[in-house]
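J.: Below is the sequence, then the predicted model.
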Amino acid sequence: MTDAAPVVHELVSELDYPMFIVTASNGRERSGCLVGFATQCSINPPRFLVCLSDKNRTFRVARDTDVVIVHLVPSDADALAELFGSQTGDDIDKFARCSWHDGPQGAPVLDDCGNWFAGRILDRVPAGDHCALLLEPFDAHADGADDAFTFHRAKRMEPGHEA
C-alpha cells in the first residue's frame, strides 16, 4: 500500500471552491481569518462546518465564544482576502484596516462582504491541524452577488501563520 497523501493533495489542488472569512469576538478581543475548508453539512436543520487552523489567533479567540460570522468573500475583494489570509492578528489589528460593524453577539461583520451568516457553535471537533466548528446559522444577510473569491486565487498568498 502506498502513501495516498501526495495523490490526495494533487487531486484537491484542482478544486476551486469559494473562500470565506470567519470572524469572532470573545468580548475582550476580535479576530478573523481566511478559510477554505468549509461546507454546508445539513439541509434540515441547516448546519455548516468551518475548519480553523489550530495555529492561528482566530482559533484561539473562537475557543472562548459561542458565535462566529462566516462571510462569503466577493470576487473583487482581493485586498480584504489578502488582509485576512496573509496577515496574522498576532502582529496587526486587521479590523483597523477594514470597514466593519458589530454583528450578532458582538461578532464583527465585514462591511465589504454583503453575504454572511452568524453561526452558533454547536460542537468543536479536532480535525488534524484544524478544528472543525459545527455551526447552526441563526442570522444572515445576502446582497445577491454571485461571484466569489476562490481557492485558486487564495493559494498564491503567503499564510499569516505556518501551515
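T.: That came through, no problem.

J.: Just to be sure, Val7 is in a strand?
T.: No. Assessed by DSSP: H, G, I helix; E, B strand; the rest coil, Val7 does not belong to a strand; its assignment is helix.

J.: quick one: contacts for the closest residue to Trp116 other than its chain neighbours?
T.: Closest residue to Trp116 apart from its sequence neighbours, by CB to CB, 6 or more residues apart in numbering: His71 at 4.4 Å. No exception for glycine: its C-beta is placed from N, CA and C like everyone else's. The contact partners of His71, by CB atoms under 8 Å, 6 or more residues apart in numbering, come to 20-23, 109-110, 113, 115-116.

J.: is it fair to say His71 lies in a strand?
T.: Yes. Remark: His71 belongs to a strand, assigned using three-state DSSP.

J.: pLDDT score assigned to it?
T.: Listed pLDDT for His71 reads 97.

J.: And it, how far from Ala107?
T.: Going from His71 to Ala107 by CB to CB, to the nearest Å gives 11 Å.

J.: who touches both of these two?
T.: Shared contacts of His71 and Ala107, counting by CB under 8 Å, 6+ apart, come down to Thr23.

J.: Which residue ranges of this protein form strands?
T.: With strands called from DSSP state E, the chain shows them at 20-25, 30-35, 38-42, 47-53, 67-72, 100-102, 108-110, 115-127, 130-141.

J.: neighbouring contacts of the first one?
T.: When you say that, I think you mean strand 20-25. For strand 20-25, using CB under 8 Å, 6+ apart, the contacting residues are 30-36, 38, 50, 52, 58, 61-62, 65, 67-73, 80-81, 84, 100, 105-110, 113.

J.: same thing with the third one?
T.: The set of residues that contact strand 38-42 without belonging to it, under CB under 8 Å, 6+ apart, is 20, 22, 46-51, 70, 134.

J.: Dump the contacts of His71 to TSV, plus neighbour count.
T.: Listed next are the contacts of His71 as TSV, based on neighbours: other CB atoms under 10 Å:
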residue	neighbour count
Phe20	25
Ile21	28
Val22	26
Thr23	28
Val109	18
Leu110	24
Cys113	24
Asn115	19
Trp116	24
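
J.: possible to save those residues as JSON lines with distance to Phe95?
T.: JSON lines is the format used below for the contacts of His71 (distance: CB to CB, whole Å):
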{"residue": "Phe20", "distance to Phe95": "17"}
{"residue": "Ile21", "distance to Phe95": "12"}
{"residue": "Val22", "distance to Phe95": "14"}
{"residue": "Thr23", "distance to Phe95": "8"}
{"residue": "Val109", "distance to Phe95": "11"}
{"residue": "Leu110", "distance to Phe95": "9"}
{"residue": "Cys113", "distance to Phe95": "13"}
{"residue": "Asn115", "distance to Phe95": "19"}
{"residue": "Trp116", "distance to Phe95": "15"}
